[in-house]
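Peer 1: What would the 3D arrangement of this be:
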Amino acid sequence: MTAHPDTELVRRGYDAFTRGDMETLGSLMTGDCTHHAPGSTAMAGHFKGRDNVLDLYRRMHEETGGTIRVELETVMADGRGHAISVHRFAAARQSRAMDERGALFFTIVGGKFSDVDECVEDIDRIDEFWS
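Peer 2: Have a look, this model is predicted:
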């Protein structure tokens, strides 16, 4: 069975993020891509435009000293330009550690991410980690 192109796109994105390959990750996004991150810290909010989204991802790697790890559990697509991924992410930062599950809801236009909505199991715990 062949994987749907949208699920393959998501898998390529996770691979690039995990490796810290922002150039490849950026090539998978539309110029006006937006990432919506939950919470109330500087790592939360609506990051509009590819450069701002990539800056968020770079900061995640920098703030954790490169310890951030994401393990993709599953990807599902609807065949109409949407995909959902579920993952586990872990990192260490300033004597704090996190090991949480999360999900991303992608809108895909022209074979690229145009919108990414992030959901987490425990927003308060994520806020505590990034504060």
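
Peer 1: Now for Phe89: which residues touch it?
Peer 2: Contacts for Phe89 (CB atoms under 8 Å, 6 or more residues apart in numbering) come out as Ile68, Arg69, Val70, Glu71, Met98, Asp99, Glu100, Arg101, Gly102. For glycine as for every other residue, the C-beta is placed from the backbone atoms N, C-alpha and C.

Peer 1: That one should be in a strand, yeah?
Peer 2: Yes. Remark: Phe89 belongs to a strand, assigned using DSSP: H, G, I helix; E, B strand; the rest coil.

Peer 1: Need the nearest residue in space to it, chain neighbours excluded.
Peer 2: Residue nearest to Phe89 in three dimensions, not counting chain neighbours: Val70, with 4.7 Å by CB to CB, 6 or more residues apart in numbering.

Peer 1: So what does the one you found have for phi and psi?
Peer 2: phi -130, psi 130 (degrees, to the nearest 10).

Peer 1: Report the separation between it and Arg19.
Peer 2: Val70 sits 11 Å away from Arg19, taking CB to CB, to the nearest Å as the criterion.

Peer 1: low pLDDT regions in this structure?
Peer 2: 1 (pLDDT under 70).

Peer 1: Would you map the strands across it?
Peer 2: 29-37, 45-48, 69-77, 82-93, 96-109, 112-120 (DSSP state E).

Peer 1: coming back round to it: the residue nearest to Phe89 touches Phe17, doesn't it?
Peer 2: Yes. Counting by CB atoms under 8 Å, Val70 touches Phe17, with 6.3 Å between them.
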